[in-house]
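Give me a 3D structure for the following:
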Amino acid sequence: AVAFLMYTVALGGRSILAERDKGTLSRLLISPTSATQILAGKVVGIFLTGVAQVSVLIAACALLFNLRWGNLPGVALLIVTVAAAATGWGLLLASLANRPGQVASFGTALMLTFGILGGSFVQIPFTGFLAQLSKITPNAWAIQGFTTLYQGGAVADILPDLIALLVMAAVLFIAASIIFQRRSGALIAR
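Numbers count the residues shown, from 1 in each chain. The predicted structure follows:
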């Protein structure tokens, strides 16, 4: 679920560049609305799509396969925070790319790389270099949190995972906002 979430939010971030190519972004940028506000508006739609996607997958697994995810408030908090962190990565990709096609290509590469590094496809060892490297991915934090909840953990047990995902989301959103702000002049010119 988290691996595909990364792909979904990357494609969501692509809409910013598609609007630029259609000319609607330049109209937004010359309005009294700041580039950060425009980016925040995009974030809400991308984020809600991510939350819905992971929620539907988890609910379907629970209903169809009788899979128990553990503490329901913990699962809900983990879904929200992993969607926020994944959205941050999608926005960073969109702020760095020049064309919508680049976001799709980079998004696919990011999804696969994070899927491998974060443990979505193969289990990552608990110690060592790969374990530390996996922490740059929302996948590793989410998988660790979902595993803790499945094994009977409570919200308090996944607080480090939740905090890490929230910090990741905030840092990525700020970075994307700064890059987007700096590039907004170039975006208007196109």
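
hey, where'd the helices end up in this protein?
2-22, 24-29, 35-65, 72-96, 100-118, 129-133, 138-150, 159-189 (DSSP state H).

Now render the ones you listed as CSV, adding mean pLDDT and mean neighbour count.
C-beta: built from backbone N, CA, C; applies to glycine. As requested, the helices of the chain are exported to CSV (pLDDT from 0 to 100; neighbours: other C-beta atoms under 10 Å):
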stretch, mean pLDDT, mean neighbour count
helix 2-22, 82, 22
helix 24-29, 80, 16
helix 35-65, 89, 16
helix 72-96, 94, 24
helix 100-118, 87, 18
helix 129-133, 88, 12
helix 138-150, 95, 23
helix 159-189, 84, 17
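
ok, and what's touching stretch 139-152?
With C-beta atoms under 8 Å, 6 or more residues apart in numbering as the test, stretch 139-152 has contacts from 2-3, 6, 68-71, 74-75, 78, 82, 85, 114-115, 117-120, 124, 134-135, 157-158, 161-162, 164-165, 168.

swap in stretch 54-64?
In contact with stretch 54-64 (C-beta under 8 Å, 6+ apart) are residues 1-2, 4-5, 67-69, 75, 79, 82-83.

Same list (these) but as JSON lines, adding distance to Phe146.
What follows is the contacts of stretch 54-64, written out as JSON lines (distance: C-beta to C-beta, whole Å):
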{"residue": "Ala1", "distance to Phe146": "9"}
{"residue": "Val2", "distance to Phe146": "9"}
{"residue": "Phe4", "distance to Phe146": "15"}
{"residue": "Leu5", "distance to Phe146": "12"}
{"residue": "Leu67", "distance to Phe146": "11"}
{"residue": "Arg68", "distance to Phe146": "11"}
{"residue": "Trp69", "distance to Phe146": "7"}
{"residue": "Val75", "distance to Phe146": "7"}
{"residue": "Ile79", "distance to Phe146": "9"}
{"residue": "Val82", "distance to Phe146": "9"}
{"residue": "Ala83", "distance to Phe146": "13"}
